[in-house]
Structure formats: structure tokens, C-alpha cells
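J.: predicted coordinates and the sequence they were generated for:
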Amino acid sequence: ALGDADALLLPTAPGHPTLAEVAADPLGANARLGRFTNSTNLFGLSAVAVPAGEVEGLPFGVMLIGPAHADERLARIAALLTPPTSVAVVGAHLTGEPLNPQLLALGARFDRTTTTAPHYRLYALATDPPKPGLVRTTAAGDGAPVEAELWRLPPEGLGALVASLPRPMTIGSVELADGTAVPGFLCEPGALEGAVDITAYGGWRAYRRG
């Protein structure tokens, strides 16, 4: 029945049963969860599931189904459906800064300018090219908001970025002003020896202008 279709697109699961619902009807709840998946093994088909966003604040995924041994084709199609990842940048990767072309080469697209939550300090590191180091503070009230840009990267681009980062830069969870957290540029605390605290400038570009 699939004929020459590239793939059949279906929800991975039809709902989000609670623990109480599963406890009240284990067989029924699991049968409903397998509505779109149980037949795949029985018919000897291949399939791949990928994230596809959220529904009412809960994760939602879709599944691509094809004939047996169509795994590679399904994976290529799935890569087109995988949503990009937001990455927070605060220094040399900002728009107009020397390392911004690295983001563009990885398929990144500018999303918006924002600030971090007021829990960070920014330092000017002795690197070439010059870079800042963002570090989360441990003491309450000891940090400040820092200007950040959000860029949207395909998953493979994020992986390549992480693999290419030189020390002391790292990618970790950065909390934004709206309370959400995204992967972003941070700095190993050991690199702060001799660095200049530039938090009062509010961001790397303001410091460079100053």
C-alpha cells in the first residue's frame, strides 16, 4: 500500500496518559500508545521517530514509516523535520564579531537579541581573538543581566560547534531573562585568573565600544 511513497508520516503516540490513567487501565493505556507503532514490526517495516515540538506544553513526536531496509532514506527525511536548536552567544560569535561567520557556516540563523537572567558575570579573557567568559554566579544577588543573541542551529550544526570549541570555552545551559534555559557559551572558571570583570558594561559589544 505504500507504493512509491517516500514515507508515511504519523504521530509517534496519540496522547500523554498520566501515571494514574496507566495504573487504572494498564493494558488499555499501552494499547492506545501503540496505535501507530504496533503494526510496524508486524509488517516488517522500518521507522524512525523524531521530536516535533510541543502540544499544550507537552512533548510531541512524529514517526516516519517506510518499507523494510528504508532506514537511510527515512533518516534523511527525518533530518528535515528535526526542529533547530537555540544557542545563546555573548561574545565573539555575536553579529558583526570576528567568529560570527563560524555560526553562519554551520547553518545558523539569527533569532533575536535578549539578555541572560541576572545570575551571571562577564569577564574579558586574554585570548586571540579577544573573547569574553560568561560564568554563572554562586552567590545570590552577585550577578547581572548580560546581552545575548539567540541563534537557531540545526542539530548537526550544534554538534559540530561543540566539537570545535577550544578551551576554555564550553557549551552549557544558560538561563535567559524570561526564565527559559538554552545551550549557550560559558567559560571554565579556571580561565578567569587575571581576567577583567566587565559585567558592569552589560555585554561584550558595550565593553568593546567602551
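T.: Good, I have the coordinates. What you see is a predicted model; the values in this text were computed from it and never measured.

J.: from residue 153, how far out is the spatially most central residue of the chain?
T.: The residue lying closest to the centre of the chain (CA atoms, centre = their mean) is residue 85, at 3.4 Å. Relative to residue 153, residue 85 is positioned 5 Å away (CB to CB, to the nearest Å). Any C-beta I mention is one placed from the backbone N, CA and C, and that applies to glycine too.

J.: now swap in residue 208 and tell me
T.: 24 Å.

J.: of the two, which one has the most company?
T.: residue 153 (21 against 16; other CB atoms under 10 Å).

J.: with adjacent residues omitted, what lies nearest to that one?
T.: Sequence neighbours aside, residue 108 is the residue nearest to residue 153 in space, at 4.8 Å (criterion: CB to CB, 6 or more residues apart in numbering).

J.: give me every residue that touches the one you found.
T.: Listed by CB atoms under 8 Å, 6 or more residues apart in numbering, the contact partners of residue 108 are 87, 151-153, 157.

J.: try it again with 10 Å
T.: 84-85, 87, 89, 93, 100, 102, 151-154, 157-158, 161 (CB atoms under 10 Å, 6 or more residues apart in numbering).

J.: which of these fall within strands?
T.: Judged by DSSP state E, strands contain the following of the contacts of residue 108: 85, 87, 89, 151-153.

J.: tell me the two of the residues you listed that are most distant?
T.: The span of those, defined through CB to CB, is set by 85 and 89 at 12.7 Å.

J.: now the farthest one out in this structure, which residue is it?
T.: In the chain, counting by CA atoms, centre = their mean, residue 1 sits farthest out from the average C-alpha position, at 37.0 Å.

J.: let me see the backbone angles for residue 25.
T.: In terms of degrees, to the nearest 10, the main-chain angles of residue 25 are phi -150, psi 70.

J.: do me a favour and get the end-to-end distance for stretch 135-144?
T.: End-to-end distance for stretch 135-144: 11 Å, by CA to CA, to the nearest Å.

J.: name the surrounding residues that touch it.
T.: With CB under 10 Å, 6+ apart as the test, stretch 135-144 has contacts from 115-123, 172-175, 186-189, 191-192, 195, 197, 199-202.

J.: mind listing what the residue nearest to residue 15 when sequence neighbours are not counted touches?
T.: Nearest non-adjacent residue to residue 15, counting by CB to CB, 6+ apart: residue 32, 6.7 Å away. Applying CB under 10 Å, 6+ apart to residue 32 gives the contacts 13-15, 17, 21, 25.
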